[in-house]
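Student: Provide a 3D model corresponding to the input given below.
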Amino acid sequence: MSRRITAEGLGSAFLVAAVVGSGIMGERLAGGNVAIALLANSIATGAALVALILALAPISGAHFNPAVTLVSAGSGLLAWRDAPGYVVAQVAGALVGVAAANAMFELPLFFASGHARSGAAQLLSELVATFGLVSVITGSARAHASVPFAVGGYIAAAYWFTSSTSFANPAVTIARACTDTFSGIRPADVSAFVAVQLVGAAAAGGLWRWLVRGESARPPATVIFACVHSAGRSQMAAAFFNRLADPARARATSAGTEPAERVHAEVVRAMAELGLDLHDARPRRLTDELARGAELLVTMGCGETCPVVPGVRRLDWELRDPKGRPPDEVREIRDDVRARIEALVATEHWSR
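Tutor: Reported below is the predicted structural model:
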């Protein structure tokens, strides 16, 4: 969990630094032409979003936005117990980002904005912008590779079709009140912006739950964790996955190219410490047929002997083999596997 929270804080910091910093630079270079400054601001923000989501989505899901986090929790894609940590990290990261942007342009770290953003048109713009953002994220999440580009493209466009320039993010809104520059917002206007952003996000979340309701009847995705002997790393991964993932969405199995007779004793002991019993788990052979039935194949050490199946997504994790290692090293490997599984389940929206 600590890695996911750190990733959310880091991403939020860089996002706000991009928004505020590009606004300052754009305004200084535009020679009074507000359209040019806004163009620079929107392009930089959209590009930063693409890069940050690509970099951090495998760790935390790359929300960077309390509204997105709350919708994810309400939809069952993120555990409610994890939501407060995400939100705190996003707000804290956003404040770090605005301080960094101000400092890079030799301005005070925090100074209240005088940029008024009030009125019905501005609030409607924020409601529409946030509704659209959550809709784009939810819709494109079913084609995983498209999410970064869909989100970056949408936000860059929404700068131009909303009178508020599409804040669409409570954490970013709070942070932008701390800079009296091009992208700032008067502190008195923050609460109304945040309120309509949450309303827009909730409305989009409810609509999309209804739109995709029929998809719950689809069979769960199959995830295969594969190593050489299916007696260590892959068994750990499958056990953690099946504990954390909603079985109606995805289920995991362990397989190996040269399966052993039983799970390594040191692995059984390490997993038992966390309440996961692998005494009765049996290694199975990884075949082309088994791999073809999977939505995702995660390999961890089987190298060129692992099958490559067209149409099946594949990840490769570099993990040490726990066989024969002392207990402390086995625990380190176990905890590394668990962190990767937590990130995978969150990223793919398979959480219970």
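Student: off-centre distance for the helix or strand bottoming out on mean pLDDT in the chain?
Tutor: Least confident element among the helices and strands of the chain, by mean pLDDT, DSSP states H and E: helix 288-292 (a mean of 81). Relative to its parent chain, helix 288-292 has a centroid offset of 29 Å by Cα atoms, centre = their mean, to the nearest Å.
Student: show me what it is packed up against.
Tutor: Helices and strands touching helix 288-292, by 3 or more Cβ pairs under 8 Å, 6 or more residues apart in numbering; DSSP states H and E, are strand 221-227. (Glycine included, C-beta is placed from N, CA and C.)
Student: what lies in contact with the strand it packs on?
Tutor: With contacts defined as Cβ atoms under 8 Å, 6 or more residues apart in numbering, strand 221-227 is touched by 233-235, 237-238, 241, 249-257, 286, 290-291, 293-302, 306, 321, 348, 350.
Student: show me which of these are buried.
Tutor: 233-235, 237-238, 241, 249-257, 286, 290-291, 294, 296-302, 306, 321, 348, 350 (16 or more other Cβ atoms under 10 Å).
Student: show me those residues that map onto strands.
Tutor: 250, 251, 252, 253, 254, 255, 256, 296, 297, 298, 299 (DSSP state E).
Student: ok, which pair from those is furthest apart?
Tutor: 250 and 256 (20.4 Å; Cβ to Cβ).
Student: now the residue nearest to the spatial centre of the chain: closest residue in space, sequence neighbours ignored.
Tutor: In the chain, the residue lying closest to the centroid (Cα atoms, centre = their mean) is residue 61, at 1.2 Å. Of all residues not flanking residue 61 in the chain, residue 346 sits nearest, at 4.5 Å (Cβ to Cβ, 6 or more residues apart in numbering).
Student: can you tell me how far that neighbour is from residue 56?
Tutor: Separation of residue 346 from residue 56 (Cβ to Cβ, to the nearest Å) stands at 11 Å.
Student: ok, the two, which is more surrounded?
Tutor: residue 346 (26 against 23; other Cβ atoms under 10 Å).
Student: so the more buried one: helix, strand or coil?
Tutor: For residue 346, the assignment made with DSSP: H, G, I helix; E, B strand; the rest coil gives helix.
Student: okay but it is in contact with residue 78, surely?
Tutor: Yes: under the criterion of Cβ atoms under 8 Å, residue 346 makes contact with residue 78 at 6.5 Å.
Student: hey, what's in contact with both of those two?
Tutor: What both residue 346 and residue 78 touch, as defined by Cβ under 8 Å, 6+ apart, is the set residue 61.
Student: shaky segments in the stretch 101-250 of the chain?
Tutor: 142-145, 214-218 (pLDDT under 70).
Student: how about the helices in the stretch 151-300 of the chain?
Tutor: Ranges of helices in the stretch 151-300 of the chain, per DSSP state H, counting those that start in this stretch, are 170-176, 187-211, 233-244, 265-272, 288-292.
Student: JSON lines for those helices, including distance to residue 24?
Tutor: Formatted as JSON lines, the helices of the stretch 151-300 of the chain follow (distance: least, Cβ to Cβ, whole Å):
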{"stretch": "helix 170-176", "distance to residue 24": "12"}
{"stretch": "helix 187-211", "distance to residue 24": "19"}
{"stretch": "helix 233-244", "distance to residue 24": "42"}
{"stretch": "helix 265-272", "distance to residue 24": "51"}
{"stretch": "helix 288-292", "distance to residue 24": "51"}
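Student: and those helices: which comes nearest residue 329?
Tutor: Here helix 265-272 is closest among those (Cβ to Cβ), at 9.1 Å.
Student: buried stuff in that closest one?
Tutor: Across helix 265-272, burial judged by 16+ other Cβ under 10 Å covers 266, 267, 268, 270, 271.
Student: any chance of those residues in CSV, plus distance to residue 124?
Tutor: Below are the buried residues of helix 265-272 laid out as CSV (distance: Cβ to Cβ, whole Å):
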residue, distance to residue 124
266, 61
267, 57
268, 59
270, 55
271, 53
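Student: can you add pLDDT and distance to residue 102 and give the residues you listed back as TSV?
Tutor: Shown next, in TSV, are the buried residues of helix 265-272 (pLDDT from 0 to 100; distance: Cβ to Cβ, whole Å):
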residue	pLDDT	distance to residue 102
266	95	52
267	94	50
268	94	54
270	95	47
271	95	48
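Student: about what we covered before: if I pick the residue nearest to the centre of the chain, what's in contact with it?
Tutor: Residue 61 neighbours (Cβ under 8 Å, 6+ apart): 4, 72, 78, 343, 346, 347, 349.
Student: in helices, which of those appear?
Tutor: Taking DSSP state H, the ones among the contacts of residue 61 that sit in helices are 4, 72, 343, 346, 347.
Student: shouldn't the third one be in contact with residue 59?
Tutor: Okay, so that is residue 343. Yes: using Cβ under 8 Å, residue 343 is in contact with residue 59, at 4.9 Å.
Student: tell me which of those two has more neighbours.
Tutor: Set side by side, residue 343 and residue 59 show more neighbours around residue 59, with 22 against 19, by other Cβ under 10 Å.
Student: now the more buried one: closest residue in space that isn't a chain neighbour?
Tutor: Distance criterion Cβ to Cβ, 6+ apart; nearest residue to residue 59, sequence neighbours excluded, is residue 7 at 4.1 Å.
Student: alright, calling it a day.
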